[in-house]
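[1] Return a 3D structure for these sequence lines:
(one chain, ligands or ions: 1)
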Amino acid sequence: MKEEDNPSSIPGERPATVRVLFIGDIVGVGALAMVVRMMPTLKAKYSSDFIIANGENVADGKSLTKKQAAELFGAGVQVITSGNHVWDRWDARELLSNDRRVLRPANYPRENAGSGLHIGETADGIKIGVLNLQGRTYMQTIDCPFRVSDWALDKISEFAQVVIVDMHAEATAEKQTMARYLDGKVSAVLGTHTHVQTADAQILPHGTAFISDVGMSGPYESVIGMKIEIAVRRFLNQTPYKYDMASEGIRIAGVSLTIDVASGAALEIEPFMFPNFERSRTAEPNGGAIEETEIALEQPEEGVPSTLEPGSIDG
Ligand SMILES: [Fe+2]
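    I've put the predicted structure just below:
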């Protein structure tokens, strides 16, 4: 948080709170370009001091390249988290080995390239621990994310009070369980992987911010980023079809967190979707059918209310 936005901070002293922006799974190069383009706006809107993005799907849904990681870092992202798809490109192993700011889930067997935790720092010198974990329900049966979180937090606690966990998992229950397991031990547990933002953003009783899924930064004219016709064929025919990326309707999903620096407790979690979904139909997709409906509502049959006033429905 900038000092002018933070009345409790004294010039020259560290601010009492820090703001962390987390960008949900970036799917495809179109979304990468939009994230890079919109970053100054998002950073200003949320007064972000530290930015994390999940980048496991940037390269056509499969992992990310060194160049794509550099684009994100150039735009202001400080740490890139990932998940199961990070292994889909062989050269990602080199990136994971050479750049400690690019994470893979910490609970993959340790013989794999890279690391699942990183300590970053804001411009004000506040240390931010980032831990990447992956669930095991309906996913690879890797090491236990709960036990690995104990090990990782032991390491991180020497350096940082503020800790953000990217819990990359399929099952909502596993993400919720991790959040409850770590409540009071970390600043936030943020779910990724399922690509649909959930409506359960909250601060848990012991001060950990949580959301089951931050949502996808990617093309929403799709099925979780995949072309709709491919998804329909896969479900109808029950056989594999080549994953083909969609490209239309790109939105950025994420959360902004406000965290107390001294305790590491979350004070606020604010999810966002940019641009928002259309929740009513404003166009006329079928030759004026909407207009007819509007006319019908203006001229109700006798006894039928044209609008639903409070108390207009019994019971
Ligand atoms: Fe994933």
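
[2] Name the residue of the stretch 201-315 of the chain that lies nearest to the ion.
    For the stretch 201-315 of the chain and the ion, the shortest gap (CB to the ion) falls at Ile224, measuring 9.8 Å. Any C-beta I mention is one placed from the backbone N, CA and C, and that applies to glycine too.

[3] now the stretch 151-300 of the chain
    Counting by CB to the ion, the stretch 151-300 of the chain gets nearest to the ion through His193 (3.9 Å).

[4] Spatially nearest residue to that residue (excluding sequence neighbours)?
    His168 (4.6 Å; CB to CB, 6 or more residues apart in numbering).

[5] need the contact list for that neighbour.
    54, 56, 81-84, 105, 132-135, 191-193 (CB atoms under 8 Å, 6 or more residues apart in numbering).

[6] quick one on the thing from earlier: identify the residues contacting the residue of the stretch 151-300 of the chain closest to the ion.
    Applying CB under 8 Å, 6+ apart, the residues near His193 are Asp25, Gly83, Asn84, Gly135, His168, Ala169, Glu170, Asp213.

[7] Could you pull up the residues touching the closest residue in space to the fourth one that isn't next to it in sequence?
    Right, Gly135. Distance criterion CB to CB, 6+ apart; nearest residue to Gly135, sequence neighbours excluded, is Ala169 at 2.6 Å. Applying CB under 8 Å, 6+ apart to Ala169 gives the contacts 133-137, 139, 145, 175, 178, 191-194.

[8] could you check the distance from Ala169 over to Gly114?
    Computed as CB to CB, to the nearest Å, the Ala169 to Gly114 distance reads 19 Å.

[9] what about burial for the contacts of Ala169, which qualify?
    Applying 16 or more other CB atoms under 10 Å to the contacts of Ala169, the neighbour count classes Leu133, Gln134, Gly135, Arg136, Met139, Pro145, Lys175, Met178, Gly191, Thr192, His193, Thr194 as buried.

[10] In strands, which of these fall?
    Counting by DSSP state E, the buried ones among the contacts of Ala169 place Leu133, Gln134, Gly191, Thr192 in strands.

[11] Tabulate those residues (a markdown table), appending pLDDT and distance to Ala152.
    Compiled in a markdown table, these are given as follows (pLDDT from 0 to 100; distance: CB to CB, whole Å):
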| residue | pLDDT | distance to Ala152 |
| --- | --- | --- |
| Leu133 | 98 | 8 |
| Gln134 | 98 | 13 |
| Gly191 | 98 | 17 |
| Thr192 | 98 | 17 |
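
[12] What parts of the stretch 51-200 of the chain come near the ion?
    Selection of the stretch 51-200 of the chain residues close to the ion by CB under 5 Å from the ion yields Gly83, Asn84, His193.

[13] what about the residue of the stretch 201-315 of the chain closest to the ion, how many neighbours?
    Ile224 has 18 neighbouring residues, counting by other CB atoms under 10 Å.

[14] Please report how far the residue lying closest to it once chain neighbours are set aside lies from Asp49.
    Using CB to CB, 6+ apart and skipping the chain neighbours, the partner closest in space to Ile224 is His195 (4.2 Å). Per CB to CB, His195 is found 27 Å from Asp49.

[15] Same question for Gly254.
    Distance, Gly254 to Asp49, using CB to CB: 15 Å.

[16] Run through the residues that contact Gln140.
    Asn84, Gln134 are the contacts of Gln140 under CB under 8 Å, 6+ apart.

[17] and with 10 Å instead?
    Asn84, Trp87, Pro105, Asn107, Tyr108, Gln134 (CB atoms under 10 Å, 6 or more residues apart in numbering).

[18] what's the helix or strand for the fifth one?
    For Tyr108, there is no enclosing helix or strand under DSSP states H and E.

[19] That one contacts Met139, doesn't it?
    No - with contact defined as CB atoms under 10 Å, Tyr108 does not reach Met139; the gap is 11.1 Å.

[20] what sits in contact with each of those two?
    Common contacts of Tyr108 and Met139 (CB under 10 Å, 6+ apart): Asn84.

[21] What segments of the stretch 101-250 of the chain are strands?
    With strands called from DSSP state E, counting those that start in this stretch, the stretch 101-250 of the chain shows them at 117-121, 127-134, 162-168, 188-192, 202-203, 209-211, 218-219, 250-260.

[22] got TSV for these, with distance to Arg233 too?
    Shown next, in TSV, are the strands of the stretch 101-250 of the chain (distance: least, CB to CB, whole Å):
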stretch	distance to Arg233
strand 117-121	40
strand 127-134	28
strand 162-168	27
strand 188-192	26
strand 202-203	38
strand 209-211	32
strand 218-219	18
strand 250-260	23
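
[23] And the residue nearest to His193, what's its pLDDT?
    His168 carries a pLDDT value of 98.

[24] Okay, and the beta partners of it?
    Gln134, Thr192 (DSSP bridges).
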